[in-house]
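Visitor: here is the input, now give the coordinates:
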Amino acid sequence: MQRDIEHNHRGVMIRSLMAAGVGVAGKILGLFNQIASVVLISGALGADGLREQMLAIAFVSWFNLTLCGMHTSLPVLLVRSAPAAEASQLLIKTAFILAVLGALVSVALTLLILNLKLTNSLVGAPLATAIICNAITIVFGLSEKVFHGTDRIAQFNVLNMIGTLVSLGTTFILAKTYPSASGFVIAFYLGVLLPPLAATVQFVPRLDFMKLPSLTEFCASARQLIGVGVFGLGYEVASYCKLQAPLALLALLDLSSAIAPIGLGLRLLGLISGGLTIAIPILMLQIGTAIRTQDEGSRRFWTRTGLGIAAATAVVIVALYPLVGPAIFQAWTAGSVALGPGQPIALAVFSAIFLVQNLVFPLIAPDPSFATQLRWLFWLEGPSVIVAAVVSALLAPANYGGAALLGGAAFVMGIVSLILLTLLVGRRFSDSRGNVLRLQKHS
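Guide: Below is the predicted model of the structure:
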């Protein structure tokens with residue numbers, strides 16, 4: 001029995017290392033794609049064309065929120081229902097139906113906003129292209145979560161690399177033949193859409209979509225997906241408030257001089273955070289599997305691994321911005337953008353806490369007891385971050401406004417992170433104590 005458990009753990013480690021290795025290669029390729037695409041688009045269309053392409057994509061980025069947190073709930077529930085094939089198929093069918101409804105709602109709301117002329121800066125073919133492409137991506141993008149929930153992370157990472165190469169090649173061809181903002185929007189979405197589309201082709205034929213779930217089955221499964229997803233959706237909304245709100249707040253508070261350095265700092269944080277997505281699905285899968293199989297040894301190992309990665313990441317990031325941040329900005333912008341007073345330290349603390357949260361989240365999300373306890377936490381964190389950021393910026397001298405804004409946000413994020421870590425460590429202590437008592441009772 002012990003030999004079987006050790007063999008299973010060894011297999012899990014090998015698959016996880018393979019997934020991580022392919023993920024690292026994919027992230028490096030994706031980073032190169034980001035850099036090369038900007039160069040190609042700006043060279044073909046100039047600054048205005050690049051702005052149109054980026055604004056069109058950014059404007060429809062909120063579409064993912066209509067999934068109601070299924071990015072988190074679907075892989076978690078698939079891991080829990082792994083032995084029951086029918087239950088897994090019902091979850092996947094329901095998730096895809098909900099995704100179609102979410103895509104339709106997204107398109108309808110966007111067209112309503114444009115029809116009411118609430119914004120005049122986003123019109124034309126690039127935006128229309130982005131609306132269509134992102135609506136399709138919402139539906140097929142769930143295939144990535146199906147692969148994560150069924151322990152095929154490495155396979156999807158390979159598909160991601162293929163999608164990135166296709167996107168980069170299409171961008172290069174368009175830049176040399178028929179450059180247009182709409183064409184470059186399509187080239188961007190090719191890299192996002194092709195991997196989940198290829199994944200969908202692999203498993204959808206086995207689901208028999210000709211046989212749809214009954215209304216009762218659909219409602220029960222939808223309640224399950226959305227009920228668990230509320231926790232993840234709150235986390236996604238809070239992430240939007242942390243990474244996207246600061247620049248808008250700086251503009252509203254008339255701190256325009258801080259927009260460029262803070263914006264570049266958050267862009268760098270986004271690249272680092274994207275690299276951590278190699279580890280996050282692996283941690284979520286293994287923690288979820290350990291909970292389902294009641295393998296406390298495996299759960300302790302992956303929890304310690306996640307906390308170790310989080311601690312190492314925090315230490316590296318805290319040192320990164322103050323020590324080499326100015327040099328990175330100098331090389332990145334040829335000296336046109338420089339970090340202001342207090343901003344290196346503020347960016348370091350803000351980034352470290354943000355990344356720690358990203359790595360602690362997959363350690364708690366698969367646990368239904370945590371998800372129930374903390375369902376409210378991230379819904380409160382998002383608006384609290386905005387309020388604390390604004391108050392801090394208003395109270396600080398103008399020169400330190402940007403740093404104070406990030407500091408206020410980091411203060412709230414730090415409290416939330418402390419709550420998460422306290423509950424996580426407390427659970428481990430409680431489990432260890434329970435094991436000791438059980439051993440004493442048996443002896």
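Visitor: residue 284 - nearest residue in space that isn't next to it in sequence?
Guide: Leaving out its chain neighbours, the residue that sits closest to residue 284 by CB to CB, 6 or more residues apart in numbering is residue 362, at 3.8 Å. Quick note: C-beta positions are derived from backbone N, CA and C, even for glycine.
Visitor: and the next helix or strand past the helix or strand where the one you found lies?
Guide: For residue 362, the host element (DSSP states H and E) is helix 343-364. Downstream of helix 343-364, the first helix or strand assigned by DSSP H and E is helix 368-373.
Visitor: what's the domain layout of this protein?
Guide: Domain ranges of the chain: 1-229, 244-443, per automatic domain parsing.
Visitor: closest to residue 235 out of those?
Guide: domain 244-443 (4.5 Å; CB to CB).
Visitor: gap between the closest one and the chain center?
Guide: Remark: domain 244-443 is offset 12 Å from the chain centroid, using CA atoms, centre = their mean, to the nearest Å.
Visitor: could you pull up phi and psi at residue 247?
Guide: Reported as degrees, to the nearest 10, the phi and psi values for residue 247 are phi -70, psi -40.
Visitor: pLDDT score for it?
Guide: Looking at residue 247, its pLDDT is 72.
Visitor: how about residue 148?
Guide: pLDDT recorded at residue 148 is 67.
Visitor: quick one on the thing from earlier: got a list of what the residue nearest to residue 284 touches?
Guide: 280-281, 283-284, 287, 306 (CB atoms under 8 Å, 6 or more residues apart in numbering).
Visitor: residues contacting residue 299?
Guide: Residue 299 touches 287, 290-291, counting by CB under 8 Å, 6+ apart.
Visitor: for residue 327, see how far away it is.
Guide: According to CB to CB, to the nearest Å, residue 299 and residue 327 sit 41 Å apart.
Visitor: how about residue 367, phi and psi?
Guide: phi -90, psi 110.
Visitor: hmm, residue 290 and it touching each other?
Guide: No. Using CB atoms under 8 Å, residue 367 makes no contact with residue 290, being 10.0 Å away.
Visitor: same question for stretch 378-390, mean pLDDT?
Guide: What stretch 378-390 shows for mean pLDDT is 90.
Visitor: next, the buried residues of it.
Guide: 378-379, 381-382, 384-386, 388-390 (16 or more other CB atoms under 10 Å).
Visitor: ok, and the closest non-adjacent residue to residue 383?
Guide: According to CB to CB, 6+ apart, the nearest residue to residue 383 is residue 241 (7.2 Å).
Visitor: what angle separates whichever strand or helix holds that neighbour from helix 343-364?
Guide: Take DSSP H and E as the rule and residue 241 turns out to sit in helix 215-243. Angle, helix 215-243 to helix 343-364, by axes from the mean of the first three to the mean of the last three CA atoms, to 10 degrees: 160 degrees.
Visitor: so which elements touch helix 215-243?
Guide: Judged by 3 or more CB pairs under 8 Å, 6 or more residues apart in numbering; DSSP states H and E, the packing partners of helix 215-243 are helix 70-80, helix 85-115, helix 259-276, helix 343-364, helix 368-373, helix 377-395.
Visitor: which of the ones you listed is buried the deepest?
Guide: Of all these, helix 70-80 has the most neighbours on average by mean count of other CB atoms under 10 Å, namely a mean of 26.
Visitor: dump that one to CSV, keeping only the CA atoms.
Guide: The C-alpha trace of helix 70-80 is given here as CSV (Å, rounded to 0.1, in the frame of the first residue of the first chain):
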residue,chain,number,x,y,z
MET,A,70,-16.3,29.6,-13.4
HIS,A,71,-12.6,30.0,-14.2
THR,A,72,-12.1,28.9,-10.5
SER,A,73,-15.2,26.7,-9.9
LEU,A,74,-15.1,24.5,-13.0
PRO,A,75,-11.6,22.9,-12.4
VAL,A,76,-12.3,22.7,-8.7
LEU,A,77,-15.6,20.9,-9.2
LEU,A,78,-14.1,18.6,-11.9
VAL,A,79,-11.4,17.5,-9.5
ARG,A,80,-14.0,16.7,-6.8
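Visitor: give me the contacts around it.
Guide: 64, 88, 91-92, 95, 98-99, 142, 145-146, 148-150, 224-229, 231-233, 235-236, 281, 284-285, 288-289, 291-292, 365-366.
Visitor: what about the residue nearest to residue 383, how many neighbours?
Guide: With neighbours defined by other CB atoms under 10 Å, the count for residue 241 comes to 20.
Visitor: burial of residue 426, as a residue count?
Guide: By other CB under 10 Å, 10 other residues sit near residue 426.
Visitor: no further questions, thank you.
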